[in-house]
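next comes the sequence, and after it the predicted model I'd like to discuss.
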There are 2 protein chains.
Amino acid sequence: MAGRTKNPGQSVSRRLLAVLDSFDVAHPALTLTEIARRSGLPVSTARRLITELREWGGLERLDDGRYRIGMRLWTIGTLAPQQRGLRAAALPYMHDLYQATQENIQLTVLDGTSALCIEKISSARAVPTLTQIGGRLPLHATGVGKAILAFSGPELLAEVAAAGLPRMTPNTITRPGVLAAALAEVRATGVAYSFEEMTLGAVSVAAPILRLDGSVRAALGIVAHSRAAVDRLAPAVRTAALGIARSVG
Amino acid sequence: MAGRTKNPGQSVSRRLLAVLDSFDVAHPALTLTEIARRSGLPVSTARRLITELREWGGLERLDDGRYRIGMRLWTIGTLAPQQRGLRAAALPYMHDLYQATQENIQLTVLDGTSALCIEKISSARAVPTLTQIGGRLPLHATGVGKAILAFSGPELLAEVAAAGLPRMTPNTITRPGVLAAALAEVRATGVAYSFEEMTLGAVSVAAPILRLDGSVRAALGIVAHSRAAVDRLAPAVRTAALGIARSVG
């Protein structure tokens, strides 16, 4: 077995979960070979685990032979409590913001060292963004990311800075000292901006959703076309974030 | 081992998935003992699998010792394609309906022999319903369920009828012949109603979202307070469902 798999000692459970982990927003459909490679499993093991996951409903086979995550996993995932309560509290405010702006409205939480998008409202008229529900955004380059980072304490900033601040566009803040100064400004004003730091042509403004103890639970953001638009929208985003914080309790 | 578990021969994978299956909308948080009982596993096996799921991020431990589904499963579940495309196509229409009505707007798909709610927009002003995202509704007693059943062919109706038509309220249709006649009416009009058949005080109207080949992909419904309200809303629901069908392609 050794040499055929990257982790020969891992348990069956781990291998099953590794099959699931091979899927992500950038790879929602995979062939058997791709799953085996991405999960570090022998093809024969991957095939057997895929069969068990298919019978259960966790994976589905497409006509072209690739596999995708199935409805069973979606249903179980909806039971995750963090998203459930926060999302229910946030959606009415997000609808209001969307109605008023017709722009991209995003709700994100901290997950590891990135911002995980747990809800998004958009339309064909809004500025195109790559963000999808379940997708991740870098903390240093986005409005929602900076809103989270600014209120998360120095340890997270140190971790993010140590991992490097990748340049997404020519405007991305890539120096830790500059980022720290920007975050101090976010703490002072309660809103965080990204001026084409993540995607050229897309400007965002975001506000943290804080717990009673001041720790950050999530961030709410709008992505729009221009700096003028986000300057105008900043008070609305901040007000909505405060409303969500009160509503989620 | 035999006698300690209901399925002594099941694989490790099956046992891990059985742990996940012990959670549902009615049981979002469970103790170790409850998980063992609901999954038919020995407590020692359940404990070990829970540990592996926790390390992976699929389960989380609450302060009171119970377990809940974790963010990792939520993130993977969002990759399920059925929900993803349909939901993206439906949300703008659902927002419009919500804005116009301030009632409960529901998007459901067929899953087994029930309607699975994959999106819901609601407010404190709307009539209270038990429906949650990820929750199930009986096909015979709800507007969305009847909209799906009417366009799903006779096999599904036979299966649902054979399983029995449980009485949810005094208004529930419990006789297969009456249900079949109601479904013929749904096919003729393109809209399905539930007049307090699921919950007393709640009336719903729904329309199917059909594929090009005429098969049913999903159903869109509104739950409101009165028959007058749903009569007024029926054209809007049907129009929105047609728009979603066109938009999702």
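Looks like it arrived, so ask away.

where along chain A do the helices fall?
Secondary structure of chain A (DSSP state H): helices at A:12-21, A:32-39, A:43-56, A:71-77, A:81-101, A:143-150, A:154-162, A:176-189, A:227-248.

list the buried residues of the fifth one.
When you say that, I think you mean helix A:81-101. A:81-84, A:86-87, A:89-98, A:101 (16 or more other CB atoms under 10 Å in any protein chain shown). In this view, the C-beta of every residue, glycine as well, is placed from N, C-alpha and C.

which secondary structure elements does that helix sit against?
Under the contact criterion of 3 or more CB pairs under 8 Å, 6 or more residues apart in numbering or on different chains; DSSP states H and E, helix A:81-101 touches strand A:104-111, strand A:114-121, strand A:216-224, helix A:227-248, helix B:71-77, helix B:81-101.

A:L116 and A:T108 touch, don't they?
Yes. Counting by CB atoms under 8 Å, A:T108 is a contact partner of A:L116 at 6.1 Å.

quick one, which of these two is more surrounded?
A:T108 (29 against 24; other CB atoms under 10 Å in any protein chain shown).

you'd agree the more buried one is up against A:V216?
No. Using CB under 8 Å, A:T108 is not in contact with A:V216, being 10.6 Å away.

now the common contact residues for those two.
Common neighbours of A:T108 and A:V216 (criterion: CB atoms under 8 Å, 6 or more residues apart in numbering or on different chains): A:I148.

among the helices and strands packed on helix A:81-101, which comes closest to A:K146?
strand A:216-224 (8.4 Å; CB to CB).

which strands or helices does that closest one pack on?
helix A:81-101, strand A:104-111, helix A:143-150, strand A:203-210, helix A:227-248.

count of neighbours near the residue nearest to A:A184 when sequence neighbours are not counted?
Leaving aside its chain neighbours, A:A184 sits nearest to A:A150 (7.8 Å; criterion: CB to CB, 6 or more residues apart in numbering or on different chains). Number of residues near A:A150 (other CB under 10 Å) recorded here: 28.

what's near enough to touch A:A150?
A:A150 touches A:L183, A:A184, A:V186, A:R187, A:A192, A:P208, counting by CB under 8 Å, 6+ apart.

is the fourth one in contact with A:F151, as I believe?
Yes. With contacts defined as CB under 8 Å, A:R187 counts as touching A:F151 at a distance of 6.9 Å.

out of these two, which sits in the more crowded spot?
Taking neighbours as other CB under 10 Å, A:R187 and A:F151 compare with A:F151 leading, 23 against 12.

got the confidence number for the more buried one?
The model reports A:F151 with a pLDDT of 96.

for it, which non-adjacent residue is closest in space?
A:V216 (4.0 Å).

I'd say the one you found and A:P208 touch.
Yes. The criterion here is CB under 8 Å, and A:V216 meets it with A:P208 at 4.8 Å.

who touches both of those two?
A:A147, A:I148, A:F151.

and of these, the nearest to chain B?
A:I148 (14.5 Å; CB to the nearest CB).

give me the neighbour count for the closest one.
A:I148 has 29 nearby residues by other CB under 10 Å.

go on, A:A26?
Neighbours around A:A26, by other CB under 10 Å: 9.

swap in A:A162?
Around A:A162 there are 10 residues (other CB under 10 Å).

please apply the same query to the one 3 residues further on.
A:L165 sits with 19 neighbouring residues when counted by other CB under 10 Å.

how is chain A divided into domains?
Per automatic domain parsing, the structural domains of chain A span A:12-76, A:81-248.

I'd like those domains laid out as JSON lines, including distance to B:T142.
Below are the domains of chain A laid out as JSON lines (distance: least, CB to CB, whole Å):
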{"stretch": "domain A:12-76", "distance to B:T142": "18"}
{"stretch": "domain A:81-248", "distance to B:T142": "21"}
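
least reliable of the ones you listed by average pLDDT, please.
Averaging pLDDT over each of the domains of chain A puts domain A:81-248 lowest, since it has a mean of 91.

first-to-last residue distance for it?
One end of domain A:81-248 sits 12 Å from the other (CA to CA, to the nearest Å).

any idea how far it is from the chain center?
10 Å (CA atoms, centre = their mean, to the nearest Å).

just to revisit the earlier point, for B:D231, find the nearest of the helices and strands packed on helix A:81-101.
Going by CB to CB, the one of the helices and strands packed on helix A:81-101 nearest B:D231 is helix B:81-101, 12.9 Å.

quick one, which of A:V216 and A:P208 is more surrounded?
When A:V216 and A:P208 are compared for neighbours, A:P208 comes out ahead with 29 against 20, by other CB under 10 Å.

ok, the more buried one - contacts?
A:A147, A:I148, A:A150, A:F151, A:G190, A:A192, A:V216, A:R217, A:A218, A:A219, A:A241.

now with 7 Å?
A:A147, A:I148, A:F151, A:V216, A:A219, A:A241 (CB atoms under 7 Å, 6 or more residues apart in numbering or on different chains).

pipe those residues into CSV and attach distance to B:L59 per row.
Output for the contacts of A:P208, formatted as CSV (distance: CB to CB, whole Å):
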residue, distance to B:L59
A:A147, 29
A:I148, 24
A:F151, 27
A:V216, 24
A:A219, 25
A:A241, 29
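
so what's the most centrally placed residue in chain A bridging to?
In chain A, the centroid-proximal residue (CA atoms, centre = their mean) is A:L116; its distance is 2.0 Å. Counting by DSSP bridges, A:L116 is bridged to A:V109, A:R136.

surely it touches A:P138?
No. Using CB atoms under 7 Å, A:L116 is not in contact with A:P138, being 11.6 Å away.

the residue in chain A positioned nearest to chain B: neighbour count?
Closest to chain B within chain A is A:G77: 2.5 Å, counting by CB to the nearest CB. When neighbours are defined as other CB under 10 Å, A:G77 has 26 of them.

do the same with A:A188
A:A188 has 9 nearby residues by other CB under 10 Å.

try the one 10 residues further on
As a burial measure, the neighbour count of A:M198 was computed by other CB under 10 Å and equals 25.

now for A:A158, how many residues are close by?
Neighbour tally, A:A158, other CB under 10 Å: 12.

now, among the shared contacts of A:V216 and A:P208, which is nearest to B:V160?
A:I148 (46.5 Å).

ok, that closest one - contacts?
A:L110, A:A115, A:L139, A:P208, A:V216, A:A219 are the contacts of A:I148 under CB under 7 Å, 6+ apart.

same thing but at 10 Å, please
A:108-111, A:114-116, A:137, A:139, A:142, A:156, A:186, A:192, A:206, A:208-209, A:216-219 (CB atoms under 10 Å, 6 or more residues apart in numbering or on different chains).
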